[in-house]
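Undergrad: sequence unknown, structure follows:
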């Protein structure tokens with residue numbers, strides 16, 4: 001802990017400085033959330049379009065030609081356009097939703113408050129991180145409106161398909177350049193944000209706030225920022241090299257004597273596997289960049305609703321840290337099909353199995369803590385439980401994919417799609433929902449509607465299982481992913497399963513409109529919230545007003561006396577003691 005006043009800046013006096021180019025971490029957090037909300041709506045619509053085509057391949061989707069005249073003649077999707085939509089859906093969801101919302105949005109808003117600081121240490125960097133990310137999003141979406149449209153190379157953009165230019169297919173020229181530019185710009189924004197998060201956690205803590213007194217959500221954001229600092233620093237130069245292959249005639253990822261569409265490519269000396277190594281050295285930590293913030297948020301939410309601490313605060317932190325470290329050692333399991341030496345496969349398979357140990361420790365702590373707890377059932381706690389369920393169900397299939405001999409058979413099938421959608425996608429989304437329902441009162445000063453929240457949960461929970469569990473069956477049946485039509489005799493019997501999934505996806509997607517209505521309606525007409533509606537203990541509930549003032553705690557920063565989860569005790573205010581309360585507690589060991 002050092003000079004906690006280093007980030008002090010005067011309150012804004014103009015509309016532009018207050019709501020647009022704001023230096024206030026809370027406004028920037030809301031901006032990130034709004035960006036993620038816009039991105040997820042676009043990503044959801046793209047998934048609907050793909051699912052309609054997979055269920056009924058010859059169906060003319062009204063208005064589809066507006067997205068691409070060449071890709072949807074007569075409003076019927078072409079195979080190339082399906083791959084373009086899949087690429088954009090995956091890129092938008094992974095980068096601009098699953099990374100942006102749980103880490104950048106909630107982390108920006110609550111990390112400085114949870115450590116007892118007035119703001120981030122580098123507020124101008126913080127503002128820049130959002131606007132750089134916003135520009136990256138605009139660059140990516142702009143590819144819908146240029147040339148042959150967006151790239152069709154998937155969110156992984158494997159070389160040489162992504163590196164040779166327009167000869168590889170629609171969108172593989174300017175579309176790839178825009179994709180790589182967007183992701184490179186996005187990396188800059190995340191690097192700026194990670195630097196701020198790390199410095200905030202290490203240098204901006206208030207008096208009495210030791211590292212072990214940080215809430216689990218703050219620890220999760222800190223660990224994620226360390227991962228982001230190293231992972232995005234690898235992806236950004238990889239994107240620059242990919243752009244150079246397109247525009248400068250280099251051959252970083254293009255081998256010699258490569259023939260595409262009967263044309264000999266004028267390149268030599270490159271390595272297609274180099275891109276895979278660079279991408280997956282980022283790509284697997286990205287899985288944990290998306291899920292670790294959700295782990296911290298859900299743990300924070302469940303503790304407040306269980307009214308007791310987790311079985312071991314430190315074991316959870318150590319396990320999240322172990323996930324971060326091991327995530328860099330397992331990336332090669334994405335490359336079992338690349339022809340790697342069997343010894344190398346074993347070297348990546350073993351740590352892939354090892355990384356399940358800290359995940360299992362976290363799950364067992366959750367389940368053991370929930371056992372016997374008098375859990376308060378509300379929207380936030382339900383989505384917290386849903387997160388645990390999705391993480392377990394999606395994680396179990398990872399054991400199969402850790403074995404090279406099994407992964408070789410399943411890797412190109414829907415089994416993998418079901419696995420990562422449940423463990424990374426839906427679980428992270430449930431963490432976002434849990435955080436939204438829990439922190440919305442503090443962010444806007446009003447309560448969300450609990451009845452609508454519970455309806456939203458049950459439709460989402462049942463719907464996501466109805467969508468993604470059949471994916472595993474499709475994979476075991478040999479259904480290859482990325483195919484847009486099923487014309488072989490072996491695939492035709494699986495079409496009814498796809499139609500069932502499509503109906504489930506449409507219903508589950510529509511259920512998210514309930515959340516959107518609840519969010520907007522509650523923002524303006526929700527029931528006014530008290531300063532601490534959940535009777536929680538961490539510092540965000542100790543601010544003098546709701547929402548917090550410009551400098552978070554008024555003229556005097558709080559002093560921390562306790563760990564963040566003093567529940568199940570007798571005190572002057574109930575069964576809890578606030579972190580900033582000097583009231584003595586004898587029944588809870590702060591080292592637990």
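TA: Yep, that arrived. No experiment lies behind these values; they were computed from the predicted model shown.

Undergrad: hang on, residue 455 packs against residue 513?
TA: No. Between residue 455 and residue 513 there is no contact under CB atoms under 8 Å: 11.5 Å. Just so you know, the C-beta spots here come from the backbone N, C-alpha and C atoms, and that holds for glycine as well.

Undergrad: Look up the pLDDT of residue 66 for me, please.
TA: Looking at residue 66, its pLDDT reads 85.

Undergrad: repeat for the one 4 residues further on
TA: Note on residue 70: pLDDT of 83.

Undergrad: ok, the residue lying closest to residue 352 once chain neighbours are set aside to residue 306 distance?
TA: Spatially, and ignoring its direct neighbours in sequence, residue 352 is nearest to residue 402 (4.0 Å; CB to CB, 6 or more residues apart in numbering). Separation of residue 402 from residue 306 (CB to CB, to the nearest Å) stands at 32 Å.

Undergrad: do the same with residue 564
TA: From residue 564 to residue 306 the distance is 14 Å (CB to CB).

Undergrad: quick one, what contacts the residue positioned nearest the centre of the chain?
TA: Nearest to the geometric centre of the chain sits residue 98, at 2.0 Å (CA atoms, centre = their mean). Counting by CB atoms under 8 Å, 6 or more residues apart in numbering, residue 98 makes contact with 290, 424, 425, 428, 429.

Undergrad: can we see that at 7 Å?
TA: 290, 424, 425, 428 (CB atoms under 7 Å, 6 or more residues apart in numbering).

Undergrad: Pull the number of nearby residues for the second one.
TA: What it means is residue 424. 24 (other CB atoms under 10 Å).

Undergrad: And the first one, by the same measure?
TA: A count of nearby residues for residue 290, using other CB under 10 Å, gives 28.

Undergrad: neighbours of residue 82, just the number please.
TA: Using other CB under 10 Å, the number of residues around residue 82 comes to 22.

Undergrad: contacts for the helix or strand hosting it?
TA: Residue 82 belongs to helix 79-93 when assigned by DSSP states H and E. Helix 79-93 is touched from outside by 39, 42-43, 46-47, 49-50, 53, 68, 71-72, 140, 149-155, 169-171, 179, 425, 482, 484, with contacts defined as CB under 7 Å, 6+ apart.

Undergrad: What helices and strands are in contact with the lengthiest helix in the chain?
TA: Longest helix in the chain by number of residues (criterion: DSSP state H): helix 272-306. In this structure, helix 272-306 packs against helix 216-247, helix 313-326, helix 356-370, helix 379-401, helix 427-444, with contacts taken as 3 or more CB pairs under 7 Å, 6 or more residues apart in numbering; DSSP states H and E.

Undergrad: buried ones in the fourth one?
TA: This means helix 379-401. 379-395, 397-398, 400-401 (16 or more other CB atoms under 10 Å).

Undergrad: What of the shortest one?
TA: By neighbour count on 16+ other CB under 10 Å, the buried set for helix 313-326 is 313, 315, 316, 317, 319, 320, 321, 322, 323, 324, 326.

Undergrad: is it true that the second one touches residue 362?
TA: No. The pair residue 315 and residue 362 fails to qualify as a contact (CB atoms under 7 Å) at a distance of 8.3 Å.

Undergrad: Low-confidence bits of the stretch 401-550 of the chain, can you list those?
TA: Nowhere does the stretch 401-550 of the chain drop to pLDDT under 70.
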